[in-house]
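In: Structure, please.
(one chain, ligands or ions: 2)
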Amino acid sequence: MLSASIVSPLNAKVHDLPRPNLGANDVLIEVKNAGICGTDLHIWHGSYALAQYPLVPGHEFSGVVGQIGEKVTTTKVGERVTADPNLPCNHCYFCQKRQFNQCLNLKAVGVTRDGGFAQYVVVPESAVFPIGKLSFAAAAMLEPLACVVWGLKQVQIQAGDSMLIFGAGPMGMLMLQAVKHAGAAQVVVIDREESRLKLARDLGANATVNANAFDLASAHELSPHGFDIVADATGIPKVIEGGFQYLRSGGKFWVFGVAPDKALVAISPYEVFRRDLKIIGSFALNKTFHESIALVQGGAVKLEPLISHQLPLERFSEAMHFAEHDPERMKVQFKLD
Ligand SMILES: [Zn+2]
Ligand SMILES: [Zn+2]
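Out: Ligands and ions are numbered 1, 2, ... in the order given. Below is the predicted model:
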């Protein structure tokens, strides 16, 4: 089967690999679409500690069930599906507390075992989700949306909340749509790219401001007492550091973007104390695929407009380059026939 492998950091090969073996409880998925995410770029650069090389990356994918193991009962050959790439151990302390995303032995398709940048990928039956009539392109974005849903459960948006989102990439745009559905009344999006800000307005942002022109004065014009929620979807430490000043007293800062693991930011503990601020992190997803699918099937979140590139797997290096360097990119996907 055709596969894109990262043999070692910055060393990729698009080549023929044997089809993965199918265990009794496994499902073989014939991949149709697979998205590139920031994690894949970290794996590419060798800056993702969990990755095990050589690796076929890809943890955001959709396709058709091609084969099932002998004990599989909940899906059948031909079904259109996606998969939750996170494979918790189900027996550690955190799994016992239902914090599956904090599993002490977490494995993940496309990170610790071969993923979806290939014609076929094997996942356990328990990770498979039917996608009904959703397009394969949209279904390959259910995983990042499930991460936003997990964040929503932590942040607990209230009806009428005002919100500021830094970053209008695919994650920021998923967040925008999900929080509006969850009750946020006024959502302002900040980014440097005008094309992305236009998309944010098309998808429901009440206002957008170019990052170059955004400061405390312009923020106060939009929301005089600050925002109930400020979310970072950039992962840029300076943006996170600067973001706290835009919070209303009593507000919540949502740390969602992936900052470099050694980065530090300066915040004033006095300000956190004095202004009743809350800092909320949300990592990956925690059994939130069904909610993600429901949001899309119910029409609350649109996924197709967030896809800017679709390339065949043969153009692996080029696709990775777009995903990393094209300033106007949104989601870059591989499309397999
Ligand atoms: Zn991802
Ligand atoms: Zn566990």
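
In: Tell me the residues of this protein that contact ligand 2?
Out: Contact residues (CB under 5 Å from the ion) of the chain with ligand 2: Pro88, Cys89, Cys92, Cys95, Cys103. Just so you know, the C-beta spots here come from the backbone N, C-alpha and C atoms, and that holds for glycine as well.

In: Among those residues, name the ones in helices.
Out: Using DSSP state H, Cys95 are the members of the residues of the chain next to ligand 2 that sit in helices.

In: Now do the buried residues in stretch 5-24.
Out: Across stretch 5-24, burial judged by 16 or more other CB atoms under 10 Å covers Ser5, Ile6, Ala12, Val14, Leu17, Pro20, Leu22.

In: Specify which member of the residues you listed is nearest to ligand 1.
Out: Among these, Ile6 lies closest to ligand 1 (CB to the ion), at 15.2 Å.

In: Any chance of the backbone angles for that closest one?
Out: phi -100, psi 110 (degrees, to the nearest 10).

In: residue contacts, it?
Out: Ala12, Ile43, Trp44, Ala51, Tyr53, Pro54, Leu55, Val56, Pro57 (CB atoms under 8 Å, 6 or more residues apart in numbering).

In: ditto for Met141
Out: Gly35, Glu60, Pro170, Leu174, Leu303, Leu306, Ile307, Lys331.

In: Which of these ranks first by neighbour count?
Out: Neighbour tally across the contacts of Met141 (other CB atoms under 10 Å): the maximum, 30 neighbours, falls on Glu60.

In: Skipping adjacent residues, who's closest to that residue in space?
Out: Spatial nearest neighbour of Glu60, excluding adjacent residues (CB to CB, 6 or more residues apart in numbering): Gly35 at 3.9 Å.

In: And Leu145, by the same measure?
Out: Closest to Leu145 by CB to CB, 6+ apart is Ser292, at 4.3 Å.

In: CA atoms of the helix or strand harbouring the one you found as CSV?
Out: Ser292 belongs to helix 289-297 when assigned by DSSP states H and E. The C-alpha coordinates for helix 289-297 follow below in CSV (Å, rounded to 0.1, in the frame of the first residue of the first chain):
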residue,chain,number,x,y,z
PHE,A,289,-16.2,12.3,19.2
HIS,A,290,-20.0,11.8,19.4
GLU,A,291,-20.5,15.5,20.4
SER,A,292,-18.2,16.6,17.5
ILE,A,293,-20.2,14.5,15.0
ALA,A,294,-23.5,15.9,16.4
LEU,A,295,-22.3,19.5,16.0
VAL,A,296,-21.6,19.0,12.4
GLN,A,297,-24.6,16.8,11.5
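
In: Contacts for it, please.
Out: Counting by CB under 8 Å, 6+ apart, 82, 84, 129, 131-132, 134, 138, 142-143, 145-146, 148-149, 177-178, 181, 285, 301-303 sit against helix 289-297.

In: and Asp232, how many neighbours?
Out: Using other CB under 10 Å: Asp232 sits among 25 other residues.

In: I figured it was touching Gly257, is that so?
Out: Yes: with contacts counted by CB atoms under 8 Å, Asp232 reaches Gly257, the gap being 4.8 Å.

In: intersection of neighbour lists for these two?
Out: The contact lists of Asp232 and Gly257 share Phe166, Gly167, Val239, Ile240, where a contact means CB under 8 Å, 6+ apart.

In: so the last one sits in a helix?
Out: Yes: with DSSP: H, G, I helix; E, B strand; the rest coil as the criterion, Ile240 is assigned to a helix.

In: Name the residues of this structure found near ligand 1, please.
Out: Going by CB under 5 Å from the ion, the residues of the chain near ligand 1 are Cys37, Thr39.

In: Can you pull the poorly scored residue ranges out of the chain?
Out: Along the chain, segments meeting pLDDT under 70 are nowhere present.

In: This completes my enquiry, with thanks.
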